[in-house]
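*Asks:* pasted the sequence and its predicted model underneath.
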Amino acid sequence: MVPDSGLDSDHNRTLALVLALDQALEDVKTTRNYELQLQRVEQQCNVSLLLKSLFELKWAGLDSQLLLGGACPTVTSSLTPALPRLHMVQVSFLAPPPPLSSRRWSGHMVSTVPSDWWMNRAVVKLLQTLDWSRVGVVSQSSSPRISQSVSDLLLQLHQAQIQVLSSVRFSVNSCGDLRQLKERDVRIVIVQLETESELFCCVHRLRLGSQVQWVVLGDLSLDWTRSQCSTQTLLSAAEGSISVRAQGLRPDQGPGVSGRTAEEYERLYLQRLSSSGLKVAPLHGFVYDAVWLTALALDRVLDRAETRTHSGPDIELDPGPDPGLDSEVMAERLLQAVKATRFNGVTGAVWFRGGERMATLELTQLQGNSSVSVGEFNTSEDELKLSLHLLHFPGGAPPSDKTLVRTVIRHVTLELYVVMATASIFVMLLSVLCLRLRSGPREVLVSLGLVLCCVSVLVSGLDQVSVSDQTQTVLCTVQLWSLVLGHSVVFSGLFTEAWSLYSATYRLHKSPLQIPGHFLFWCLLVDVFVLSCWSLMEPLRRVETQQPSEGGAVVSGVCSCSHSELWITAVCGYKGPLLFFSDGSEAAEDDEEEKRTNRELKTRCLRLEMEIDRLRRELFHLESNYGRPHRSSQERPQEKPQERPQERPQERPQKRDEDPGLFHVERALFPSLSGRVPASGRVPASGRVLPILHHSYLPAVGGKKSSLSSALHVTFCLFCGVWRLPRVPRCLPRTRHRMLSLLRPLCSTLLSVPHHGPSLSLVSRVTMATLNQMHRAGKPKAPPPSLGATFGRPQLKAVVLKTIIRKPKKPNSANRKCARVRLSNGKEGVAFIPGEGHTLQEHNVVLLQGGKTQDLPGVRLTVVRGKYDCGHVVKKKN
């Protein structure tokens, strides 16, 4: 029975074991003069298939009592307890799992390989010898045998009082799980995997190799073909790792039971492998010894023992009935013969204690490109022999299993205290000097606050070396009061100064906040109340606090209490709401003043409109009384310039009658005089008329906002209309005087109205280049071409930071597989992964090319499918 799970790798390993089996059968036939005939049992890691094969053999008349070989852990765990009922004995060449190391469960099974229980025992002895009490465990999640071995290892570590900080189940796509080791400060890690290539490749990516000491159970396998790292990278990551494994071929040159030395057997075995093209199986030596163990046990039981050579064993069995009569008795005699057999095999001395192989486990350390034997563990004596002078560690000594913490007490040196005290005194003198130059109330407050803060600096420099503990408590209180009161005094002076400038800028009414003493009184009142409660409830004391540092843990002494953060918040937190409420009250007063001004403007506008309407009616009645009935412009015949009265030229000429703008003002203000034309005899070509002024045009009272240019234009027209009104008949001097008295307040009101919006120039001109200027400038330069997503290169190399999923822009479309990458020039971006499947993960190196992806805005890179970065597309089968 050989282990075969159906995989290609296991099948090749099985064929390599069969070659060692054939070599052993030939040597037995040559040496013992008889031939062992073996019948292969199919099991393929399936208990049902194994039982079916055994019953078929019994049905065929081959009632065998001895089973040679091993199977996968699931089959072994089910078959071993059933061997006594089947009256069979199993001689295995695989390491039994820890649960089967007990006699109760493995009574009829014997293995030429030491069990995993002894491997775990050797690791515990190694940890105790090097004084390592904090470890982590990394195991393979897909192997049942490794899971059973790790469970036994954790049990033995617990019994030895060794703390397990982290237990990681490692797989190919779980490099991120190794970060737990760094986060939990794990320095010693025990590894049990089928192949360690992927593990140390992840260790190299995470840069954990120099920080962690690795202890590997079994042979250290660094096959670069199973990982994405080179051989040199794997060796550098695994540098200094210690491996615990069963000793292979014995190192001595003496012949064994077959008459061959270990070197001769290895040479013959390698010849068979070279002809078949297979790789070396790690357990081929144990297979060879298992065949010889079976042959010697059968030779004794079947009474075929002849005169042995000096290498033959001397076995004494208990007398019993004829083994050919009863299968149960035959199985018992076979079991006794197997357990009592002793001989020198190619793996060393083969003998058993309680059904377990007593052998020597070898400890090796990877140093450079080779493994150096640094010790051995004897299972028969339960003793570890370690050569410390052969071990090589980066610091010269075994690394520590945890971060070393040292306490360093730093005192304030005399030189530092003198420098700080001198600086504080200099600031105090400078404050007094500035006070003599300017002795205002606000300057006095700022200078006094600076002096109090400097006093706190002088007090804080005294530590427990200079004064006693009781004095330290008093000094902590003095430091707190001087610092808080100094801060409040300086804050009051600066705040009142800033508020005075703000009030002067915005023409606010004088408030109590502009008085330094008033604001300072309320600040000091609140501070004294909070500080008094603080000193009575939780007085400050000297407390030592630890601060993390790379060189060690630094302990510093500070004045603190259990709720110091809350008290500091209470001292400083009220000043913010105080500013808010004070600003809010002033803002409320400003709003009330603005509302009052708006009401007054509305009232004045209404009165002005009523006066203008009344004035218009009076003018109409006056014209009617003097024989000028009001007619419309269509009925009134147009007067000619030569038909005007002759007395007009005799009067003093008025140049303002020649202004066409005044004609519009006159027509807007005096509709009854709309038939009158300017003295020039020409009606202006512009048909614009000044609109009737209304309070809805004023932005201060809720009207439409206007720019500064339009407001100035209206004001200018009003001034022209007020001071350059056209002449009316001499019989209306009182009316004209009244109109002027009414329009002047209106103009002053418009000028006093605040204008909202951006200020615009009165004349805006747009300059354009002439044809000659354009010829001299020449043709505009074309913009430089864009570099594109690949920065002017056809392809770029990048490293995958994270695989992500992007949702396309088009609805009801499948999500797109993308990856966030870092380009070789240091830039980061998102690349689209084509195809149906991929094996990309973090830290993979890929090749990118430019090109936008449909329905993915912003994705302008595409991954080039390669041999290791992306998996092949699996074709669908019908």
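*Replies:* Cool, got the structure. Numbers count the residues shown, from 1 in each chain.
*Asks:* scan this protein for its longest strand.
*Replies:* The longest strand of the chain (DSSP state E) is strand 795-806.
*Asks:* export only the CA atoms of that one, formatted as CSV.
*Replies:* What follows is strand 795-806 as a C-alpha-only set of coordinates in CSV (Å, rounded to 0.1, in the frame of the first residue of the first chain):
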residue,chain,number,x,y,z
GLN,A,795,4.4,49.9,-22.2
LEU,A,796,5.3,50.3,-18.5
LYS,A,797,6.1,48.0,-15.7
ALA,A,798,4.0,48.2,-12.5
VAL,A,799,3.4,46.6,-9.1
VAL,A,800,-0.1,45.6,-8.0
LEU,A,801,-1.2,47.4,-4.9
LYS,A,802,-4.7,46.0,-4.6
THR,A,803,-7.3,44.2,-6.8
ILE,A,804,-10.6,46.1,-7.1
ILE,A,805,-14.0,45.9,-8.8
ARG,A,806,-15.3,48.8,-10.9
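*Asks:* could you pull out the buried residues of the next helix or strand after it?
*Replies:* Once the chain leaves strand 795-806, the next helix or strand it forms, by DSSP states H and E, is strand 816-823. The neighbour-count criterion (16 or more other C-beta atoms under 10 Å) identifies 816, 817, 818, 819, 821, 823 as the buried residues of strand 816-823. From N, CA and C alone the C-beta is placed, and that goes for glycine too.
*Asks:* follow-up on the earlier one: list the buried ones in the longest strand of the chain?
*Replies:* For strand 795-806, the neighbour count (16+ other C-beta under 10 Å) marks 796, 798, 799, 800, 803, 806 as buried.
*Asks:* these two touch, right, the last one and residue 818?
*Replies:* Yes: applying C-beta atoms under 8 Å as the test, residue 806 and residue 818 come out as touching, 4.8 Å apart.
*Asks:* joint contacts of those two?
*Replies:* 830, 856, 859 (C-beta atoms under 8 Å, 6 or more residues apart in numbering).
*Asks:* I'd like to know which of the residues you listed are buried.
*Replies:* Buried among these by 16+ other C-beta under 10 Å: 830, 856, 859.
*Asks:* and residue 331, how far is that from residue 341?
*Replies:* 16 Å (C-beta to C-beta, to the nearest Å).
*Asks:* same deal with residue 529?
*Replies:* Going from residue 529 to residue 341 by C-beta to C-beta gives 94 Å.
*Asks:* of those two, who's got more company?
*Replies:* Neighbours were counted for residue 529 and for residue 341 using other C-beta atoms under 10 Å; residue 341 has more, 22 against 11.
*Asks:* how many residues are close by the closest residue to residue 328 other than its chain neighbours?
*Replies:* Nearest residue to residue 328 in three dimensions, chain neighbours excluded: residue 87, at 4.9 Å (C-beta to C-beta, 6 or more residues apart in numbering). Residues within reach of residue 87, counting by other C-beta under 10 Å, total 18.
*Asks:* residue 87 is in contact with residue 330, isn't it?
*Replies:* Yes: contact criterion C-beta under 8 Å: residue 87 and residue 330 qualify, at 7.4 Å.
*Asks:* between those two, what contacts are shared?
*Replies:* Residues touching both residue 87 and residue 330 by C-beta under 8 Å, 6+ apart: residue 65.
*Asks:* reformat the buried residues of strand 795-806 as TSV; add distance to residue 377 and pLDDT.
*Replies:* Shown next, in TSV, are these (distance: C-beta to C-beta, whole Å; pLDDT from 0 to 100):
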residue	distance to residue 377	pLDDT
796	53	89
798	48	91
799	43	91
800	43	92
803	44	92
806	55	91
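*Asks:* from those residues, which is closest to residue 573?
*Replies:* Residue 573 lies nearest to residue 806 out of the buried residues of strand 795-806, by C-beta to C-beta, at 45.9 Å.
*Asks:* tell me who's in contact with that closest one.
*Replies:* Counted by C-beta under 8 Å, 6+ apart, residue 806 has contacts 815, 816, 818, 830, 856, 859.
*Asks:* repeat the analysis, applying 7 Å as the threshold.
*Replies:* Contacts were defined as C-beta atoms under 7 Å, 6 or more residues apart in numbering; by that measure residue 806 touches 815, 816, 818, 856, 859.
*Asks:* ignoring the adjacent residues along the chain, who's closest to the last one?
*Replies:* In space, and not counting its chain neighbours, residue 859 is closest to residue 853: 4.7 Å by C-beta to C-beta, 6+ apart.
*Asks:* which of the shared contacts of residue 806 and residue 818 fall within strands?
*Replies:* In strands, defined here by DSSP E, the members of the shared contacts of residue 806 and residue 818 are residue 830.
*Asks:* what ranges of the stretch 651-800 of the chain fall below the confidence cut-off?
*Replies:* 651-767 (pLDDT under 70).
*Asks:* for residue 279, helix, strand, or coil?
*Replies:* coil (DSSP: H, G, I helix; E, B strand; the rest coil).
*Asks:* and it, how far is that from residue 337?
*Replies:* Remark: distance between residue 279 and residue 337 (C-beta to C-beta) = 35 Å.
*Asks:* more crowded one of these two?
*Replies:* Neighbour count, other C-beta under 10 Å: between residue 279 and residue 337, residue 337 has more, with 22 against 11.
*Asks:* is it true that the more buried one touches residue 295?
*Replies:* No: between residue 337 and residue 295 there is no contact under C-beta atoms under 7 Å: 11.0 Å.
*Asks:* secondary structure class for residue 91?
*Replies:* Per three-state DSSP, residue 91 ends up strand.
*Asks:* skipping adjacent residues, who's closest to residue 485 in space?
*Replies:* Excluding its sequence neighbours, the residue lying closest to residue 485 (C-beta to C-beta, 6+ apart) is residue 452, at 5.6 Å.
*Asks:* can you count the residues close to that neighbour?
*Replies:* Applying other C-beta under 10 Å, I find that residue 452 has 19 neighbouring residues.
*Asks:* what helices or strands is the strand or helix carrying it leaning on?
*Replies:* According to DSSP H and E, residue 452 maps onto helix 441-460. Contact analysis of helix 441-460 by 3 or more C-beta pairs under 7 Å, 6 or more residues apart in numbering; DSSP states H and E lists helix 414-437, helix 469-506, helix 516-537 as its packing neighbours.
*Asks:* okay if I get those helices as TSV plus distance to residue 349 and mean pLDDT?
*Replies:* Below are the helices and strands packed on helix 441-460 laid out as TSV (distance: least, C-beta to C-beta, whole Å; pLDDT from 0 to 100):
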stretch	distance to residue 349	mean pLDDT
helix 414-437	72	81
helix 469-506	71	75
helix 516-537	79	76
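*Asks:* before we move on, back to that, OK, contacts around the residue nearest to residue 859?
*Replies:* Applying C-beta under 7 Å, 6+ apart to residue 853 gives the contacts 832, 859, 862.
*Asks:* what's the angle from the helix holding residue 452 to helix 414-437?
*Replies:* Angle, helix 441-460 to helix 414-437, by axes from the mean of the first three to the mean of the last three C-alpha atoms, to 10 degrees: 170 degrees.
*Asks:* closest to residue 145 among the contacts of residue 853?
*Replies:* residue 832 (42.2 Å).
*Asks:* any idea how far residue 797 is from that closest one?
*Replies:* Distance from residue 832 to residue 797, counting by C-beta to C-beta: 17 Å.
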